[in-house]
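**Student:** Have a look; sequence and predicted model below, questions after that.
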Amino acid sequence: MRSPWWPLVAITLGNFMLLIDVTIVNTALPEVAHGLDASFTSLQWVMDIYALALAALLMTAGSAADLLGRRRLYLAGLTVFALSSLACGLAPDAGVLIAARAVQGVGAAAMFATNTPLLMATYSGRARGIAFGVWGGTSGAAVAAGPVLGGVLTEYADWRAIFLVNLPLTAVAVWITLRTVGESRGAPGARIDWPGAAAFTVCAGALTYGLMRGGEEGWADTGTVISLVASAVALVVFIAVERGARQPLLDLGLLRRPSFAVLMAAALLLQAAAFPYLTYAGLWLQSVLGLSPVRAGLAVTPMAGAALVVGAAGGRLLEKVAPGRALGGGLLLIGAGALLNAALLEPGSGWEALAPGLTTAGLGVGLAMPVLVSAALGAAPPERAGMASGAVNTFRQLGYALGIALLGTVFASRVRDVVDSSETVPANSAGRAAEAISGGHADAVIAAAPKGHGEAARTLVHESFVTGLDRICLISGITALAAGLLVLTVVRGGPTAAPPASPETKTPTEPIPA
């Protein structure tokens, strides 16, 4: 294997897998719900726990890679990712699937944290630019391919195949990595901030759990209150630990820079506003409209397609635009797209009602995402470039996890409100009907309707689901618009040229996330 490009193949293959597994599950959710008799909350965790583990451990994995070796940690991540994918594919129930997805997120964090440092250590000069261009392109391809590939595997094989397909791919990545990728480490004396990592993980996990439980059991529920309080306490502990740490996970001094703090907020809000509602749109397309998994996957690709076109065509133009303008303008388009979805979706709508809004939002994603990391790097000191890159990726994934939890809570609440106010479903079974509709079992609600009330039940299903979608699209749109205005007001700076950084820490290219 003498070609110098084999290391690029190994690294981009791992990056493609970890990113595609964020969205490949979307089009399989109705089949997962039926196959494992999973509740709506379980489906939320199937989606959420992967992104949550990735977000919680990404900065820690970067520190561990500097200390233990990037190649070694990348191989460990691939191994964990493969074994957990096998567990996902063989899961006998929703609980096992959720646990396996959490472990899969741990492997993904190790892979993601080592991608760019390995490329930086392997390539230099013009070859480095080519390598990062290919790596970024495959990241965008993962976004576009996820829903469609998930639909194909689900429809023509089984939902379990979306996880089992990772096994041969990880085997290839491990084999190439062992033969072609060299080892590299960070500066001598690197240490892992274990107390900070533990506090951050508890904070993110407890907050996500509290948001989901609050929607299911109520905000006065003891478990909900304990979770949210635990999250707040963990946040205080994290701040205290980071202030006193010699090698902190996150230098809190960076957040005293207004531009950097706003960019972190933008990373979180962009991810929360642009992508989580697609999960519930996918359920609508299949469980309510009756689309096949493949057609449902194709129905949500306008966002990824528009993002790829803008990202590819506008690369050179974006180099001449101030990052705040590109990011802020992109967020405004994402907000406009979500609001279009809210305006166009009605109980009688078909899949095509999503196309204008998704295309508009995709233009915003293509405009905003390529400059997000370079803007964060430009707002941080050169010696903190690696930390800034890890922080922005962490906030992105955390935004997705929190978006799934919060929007799912709002969605389920709106569905329940519509079902409760209807005379089609008896009051004593309204809760079960709302849960079934939210969780992708709309057909069961229609089948259980009393004789002569089938059409009324079908109308209720359409109305309740679209009402929930309308509300979360509205929230997503307002969130993105507010974030865009904040960025345009606060973030300043010149064109998005890569800021100076050391070869070990610089991250010049940023993938479009799922």
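**Tutor:** Cool, the structure landed.
**Student:** lowest average confidence, helix or strand, in the chain?
**Tutor:** The least trusted helix or strand in the chain, going by mean pLDDT, DSSP states H and E, turns out to be helix 315-318, with a mean of 58.
**Student:** following it, which helix or strand comes up?
**Tutor:** Counting by DSSP states H and E, the next helix or strand C-terminal to helix 315-318 is helix 323-344.
**Student:** Go through that next one and flag the buried ones.
**Tutor:** For helix 323-344, a neighbour-count test (16 or more other CB atoms under 10 Å) marks 323-342, 344 as buried. For the C-beta atoms, the positions are set from N, CA and C on the backbone; glycine is no exception.
**Student:** Distance from that helix to the middle of the chain?
**Tutor:** 18 Å (CA atoms, centre = their mean, to the nearest Å).
**Student:** got the CA coordinates for it in PDB?
**Tutor:** The C-alpha trace of helix 323-344 is given here as PDB (Å, rounded to 0.1, in the frame of the first residue of the first chain):
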ATOM      1  CA  PRO A 323     -17.600  35.100   9.100                       C
ATOM      2  CA  GLY A 324     -20.200  36.900  11.100                       C
ATOM      3  CA  ARG A 325     -22.100  37.900   8.000                       C
ATOM      4  CA  ALA A 326     -21.900  34.400   6.500                       C
ATOM      5  CA  LEU A 327     -22.900  32.700   9.800                       C
ATOM      6  CA  GLY A 328     -25.600  35.200  10.700                       C
ATOM      7  CA  GLY A 329     -27.100  35.200   7.200                       C
ATOM      8  CA  GLY A 330     -27.100  31.400   7.200                       C
ATOM      9  CA  LEU A 331     -29.000  31.300  10.500                       C
ATOM     10  CA  LEU A 332     -31.600  33.700   9.200                       C
ATOM     11  CA  LEU A 333     -32.100  31.500   6.200                       C
ATOM     12  CA  ILE A 334     -32.400  28.400   8.400                       C
ATOM     13  CA  GLY A 335     -35.000  30.300  10.500                       C
ATOM     14  CA  ALA A 336     -36.900  31.300   7.400                       C
ATOM     15  CA  GLY A 337     -36.900  27.700   6.200                       C
ATOM     16  CA  ALA A 338     -38.300  26.400   9.500                       C
ATOM     17  CA  LEU A 339     -41.000  29.100   9.500                       C
ATOM     18  CA  LEU A 340     -41.900  28.200   5.900                       C
ATOM     19  CA  ASN A 341     -42.500  24.700   7.100                       C
ATOM     20  CA  ALA A 342     -44.700  25.900   9.900                       C
ATOM     21  CA  ALA A 343     -46.700  28.100   7.500                       C
ATOM     22  CA  LEU A 344     -47.100  25.400   4.700                       C
END
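**Student:** Check which helices and strands it sits against.
**Tutor:** Applying 3 or more CB pairs under 8 Å, 6 or more residues apart in numbering; DSSP states H and E, one finds that helix 323-344 contacts helix 258-274, helix 277-283, helix 355-378, helix 454-490.
**Student:** please redo it, this time with the cut-off set to 6 Å
**Tutor:** helix 258-274, helix 355-378, helix 454-490 (3 or more CB pairs under 6 Å, 6 or more residues apart in numbering; DSSP states H and E).
**Student:** neighbouring contacts of it?
**Tutor:** Contact with helix 323-344 is made by 270, 273-274, 318, 353, 356-357, 360-361, 363-364, 367-368, 371, 375, 470, 473-474, 476-477, 480-481, 483-484, 487-488, 491, 493, 496, as judged by CB atoms under 6 Å, 6 or more residues apart in numbering.
**Student:** and that helix, what's its mean pLDDT?
**Tutor:** What helix 323-344 shows for mean pLDDT is 93.
**Student:** got the angle between it and helix 355-378?
**Tutor:** Orientation note: helix 323-344 sits at an angle of 160 degrees relative to helix 355-378 (axes from the mean of the first three to the mean of the last three CA atoms, to 10 degrees).
**Student:** re earlier: need the winner for burial among the helices and strands packed on helix 323-344.
**Tutor:** The highest average neighbour count among the helices and strands packed on helix 323-344, using mean count of other CB atoms under 10 Å, belongs to helix 355-378 at a mean of 26.
**Student:** how far away is G408 from T41?
**Tutor:** Noted for G408: a distance of 8 Å to T41, by CB to CB, to the nearest Å.
**Student:** which of these two has more neighbours?
**Tutor:** Neighbour tally, G408 and T41, criterion other CB atoms under 10 Å: the higher count belongs to G408, 28 against 23.
**Student:** in what helix or strand does the more buried one lie?
**Tutor:** Counting by DSSP H and E, the element that carries G408 is helix 385-420.
**Student:** which strands and helices sit next to that helix?
**Tutor:** Using 3+ CB pairs under 6 Å, 6+ apart: helix 385-420 touches helix 40-68, helix 194-217, helix 258-274, helix 355-378, helix 430-438, helix 454-490.
**Student:** So for V225, which of the ones you listed sits nearest?
**Tutor:** Closest to V225 of the helices and strands packed on helix 385-420, according to CB to CB: helix 194-217, at 8.0 Å.
**Student:** buried stuff in that closest one?
**Tutor:** 195-216.
**Student:** Over to stretch 117-126?
**Tutor:** Buried residues in stretch 117-126 (16+ other CB under 10 Å): P117, L118, L119, M120, A121, T122, Y123.
**Student:** how about that stretch as PDB, C-alpha atoms only?
**Tutor:** As requested, the backbone C-alpha atoms of stretch 117-126 are provided in PDB (Å, rounded to 0.1, in the frame of the first residue of the first chain):
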ATOM      1  CA  PRO A 117      -5.000  15.800  14.100                       C
ATOM      2  CA  LEU A 118      -4.200  12.700  12.200                       C
ATOM      3  CA  LEU A 119      -4.700  14.400   8.900                       C
ATOM      4  CA  MET A 120      -2.600  17.300  10.100                       C
ATOM      5  CA  ALA A 121       0.200  15.000  11.200                       C
ATOM      6  CA  THR A 122       0.100  12.900   8.000                       C
ATOM      7  CA  TYR A 123      -0.100  15.600   5.300                       C
ATOM      8  CA  SER A 124       1.500  18.900   4.600                       C
ATOM      9  CA  GLY A 125       1.500  21.600   2.000                       C
ATOM     10  CA  ARG A 126      -0.700  21.200  -1.000                       C
END
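**Student:** ok, residues contacting it?
**Tutor:** Here stretch 117-126 has contacts from P7, I11, R70, A131, S184, P503, using CB under 6 Å, 6+ apart.
**Student:** burial of the fourth one, as a residue count?
**Tutor:** Taking other CB under 10 Å as the neighbour definition, A131 ends up with a count of 23.
**Student:** so it sits right up against L8, yeah?
**Tutor:** Yes: taking contacts as CB atoms under 6 Å, A131 lies within contact range of L8: 5.0 Å.
**Student:** picking up where we left off before, minimum distance to I98: which of the helices and strands packed on helix 385-420 has it?
**Tutor:** Going by CB to CB, the one of these nearest I98 is helix 40-68, 4.6 Å.
**Student:** L407 versus the most centrally placed residue in the chain, what's the distance?
**Tutor:** Centre of the chain computed as the mean C-alpha position; nearest residue by CA atoms, centre = their mean is Y400, 4.4 Å away. Applying CB to CB, the value for Y400 to L407 is 11 Å.
**Student:** what's stretch 197-208 in contact with?
**Tutor:** Taking CB under 6 Å, 6+ apart as the rule, stretch 197-208 contacts 52, 56, 60, 227, 230-231, 234-235, 237-238, 241, 249, 398, 401, 405.
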